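Peer 1: what follows is a predicted protein model with its sequence.
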Amino acid sequence: MIRRTFVMTAAALAVAGTAFAGSYGKKDIVDTAVEAGTFETLVAAVSAAGLVDTLKGDGPFTVFAPTDEAFAALPEGTVEALLEDIPTLTAILTYHVVPGKVMSTDLSDGMTATTVQGGDLTVDLSDGVKINDASVVAADVETSNGVIHVIDQVILPAEG
């Protein structure tokens, strides 16, 4: 039942087109992610965690957005388990968000950025752009309330 709700939520949120259009800066972070068509899992998780209104707010926010493939690479059952554990889901999602608008030109090797969750992300520029262990596969997708950088992995906050 949770999986059905998750799929229905993702389908309901995916009402826009399937690719980033030339309308950067006009749509907020959530609408831009929905329109892209490659963040259905992320958008459904944001909805389940009650973070849609926040990410549609004024911001600005920088979101390191894992693709659907990044979520699919998690161990089987992980996404479903997270949807049943909203505090943990919220912590993971807010670990992907940094207050302010951080463009790729603002990054420097070894810099850290404190996330909304409270943990720090580390930038590694030695072989492409990495945020912790996730590679940035598309950068600087500007929105009306911040910027999205697409990453190839779900990054997890350190436990402690």
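Peer 2: Thanks, I have the structure now. Numbering: from 1, shown residues only.
Peer 1: okay, which residue is most central for this protein?
Peer 2: residue 65 (2.8 Å; C-alpha atoms, centre = their mean).
Peer 1: tell me the secondary structure for the residue nearest to residue 128 when sequence neighbours are not counted?
Peer 2: In space, and not counting its chain neighbours, residue 128 is closest to residue 135: 5.8 Å by C-beta to C-beta, 6 or more residues apart in numbering. Yep, even glycine has a C-beta here, placed from its N, CA and C like the rest. Here residue 135 is strand, with the state taken from DSSP: H, G, I helix; E, B strand; the rest coil.
Peer 1: ok, back up a step: which elements pack onto the strand or helix carrying the residue nearest to the centre of the chain?
Peer 2: Residue 65 is part of strand 61-66, with elements assigned from DSSP states H and E. Under the contact criterion of 3 or more C-beta pairs under 8 Å, 6 or more residues apart in numbering; DSSP states H and E, strand 61-66 touches helix 29-36, helix 40-48, strand 97-99, strand 134-143, strand 146-151.
Peer 1: could those go into CSV alongside distance to residue 88?
Peer 2: Putting these into CSV (distance: least, C-beta to C-beta, whole Å) gives the following:
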stretch, distance to residue 88
helix 29-36, 21
helix 40-48, 11
strand 97-99, 16
strand 134-143, 19
strand 146-151, 19
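Peer 1: need those in a markdown table (columns: mean pLDDT, distance to residue 89 and mean neighbour count).
Peer 2: As requested, these are exported to a markdown table (pLDDT from 0 to 100; distance: least, C-beta to C-beta, whole Å; neighbours: other C-beta atoms under 10 Å):
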| stretch | mean pLDDT | distance to residue 89 | mean neighbour count |
| --- | --- | --- | --- |
| helix 29-36 | 96 | 16 | 24 |
| helix 40-48 | 96 | 6 | 23 |
| strand 97-99 | 97 | 13 | 20 |
| strand 134-143 | 96 | 18 | 17 |
| strand 146-151 | 97 | 17 | 24 |
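Peer 1: nearest to residue 58, of those?
Peer 2: Minimum separation from residue 58 across the helices and strands packed on strand 61-66 (C-beta to C-beta) falls at strand 146-151, 9.4 Å.
Peer 1: so which of the helices and strands packed on strand 61-66 is nearest residue 60?
Peer 2: strand 146-151 (4.1 Å).
Peer 1: great, nothing more from me.
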